[in-house]
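Novice: sharing a model prediction with you, sequence too.
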Amino acid sequence: MKSVTEHITFVTGDKIEFVNITDTVQTIVTKSGIKEGLCLVNSMHITSSIFINDEEPGLKKDFKAWLEKLAPSEINLYNHNLTGEDNGHAHLKRTVMGRETVIAVTKGKLDFGPWEQVFYGEFDGKRPKRILVKVLGS
């Protein structure tokens, strides 16, 4: 079995943002040469997430509004913020949206269902963040 690991690093333009990283992940899978296996995509930060869903602008707005209802950005709501931080809401949003996803690789391609894409969800952005992509297989 072969294993290939790469990191994606970027800075989002907004504090809360959803970035479609499907093409970037597929490029890493293609470059790996692995035809059959699994691809792990993992957020390396505790205030961001990786998830699979549809690429549709209204859905991204819905995610943002829904998460804001669940964990409002208001600073004085969170004990975590008493430590001098201001991102208690971001930790909670990450917990709801998830840390990572695993995608099957079939014939060298990410094996998605209809409409599926892989996203990076940022909840405390405007600073450098990393994503781990690990491709395993043969």
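Specialist: Sure thing, it's come through.
Novice: every contact and neighbour count from this point should use C-alpha atoms.
Specialist: Noted.
Novice: which outside residues touch stretch 59-78?
Specialist: Residues outside stretch 59-78 that contact it (CA atoms under 8 Å, 6 or more residues apart in numbering): 16, 18, 81, 86, 87, 88, 89, 90, 92, 93.
Novice: not counting residues beside it along the chain, what's closest to the fourth one?
Specialist: Put plainly, it is residue 86. Ranked by CA to CA, 6 or more residues apart in numbering and with sequence neighbours excluded, the top spatial neighbour of residue 86 is residue 75, at 5.8 Å.
Novice: how about residue 61, phi and psi?
Specialist: Per-residue torsions, residue 61: phi -60, psi -40 (degrees, to the nearest 10).
Novice: pull the number of nearby residues for it.
Specialist: 13 (other CA atoms under 10 Å).
Novice: ok, residue 4 next?
Specialist: Around residue 4 there are 16 residues (other CA under 10 Å).
Novice: doesn't it belong to a strand?
Specialist: Yes - checked against DSSP: H, G, I helix; E, B strand; the rest coil, residue 4 lies within a strand.
Novice: okay, it: pLDDT?
Specialist: The score at residue 4 is 98. That number is its pLDDT.
Novice: how close does it sit to residue 26?
Specialist: Per CA to CA, to the nearest Å, residue 4 is found 13 Å from residue 26.
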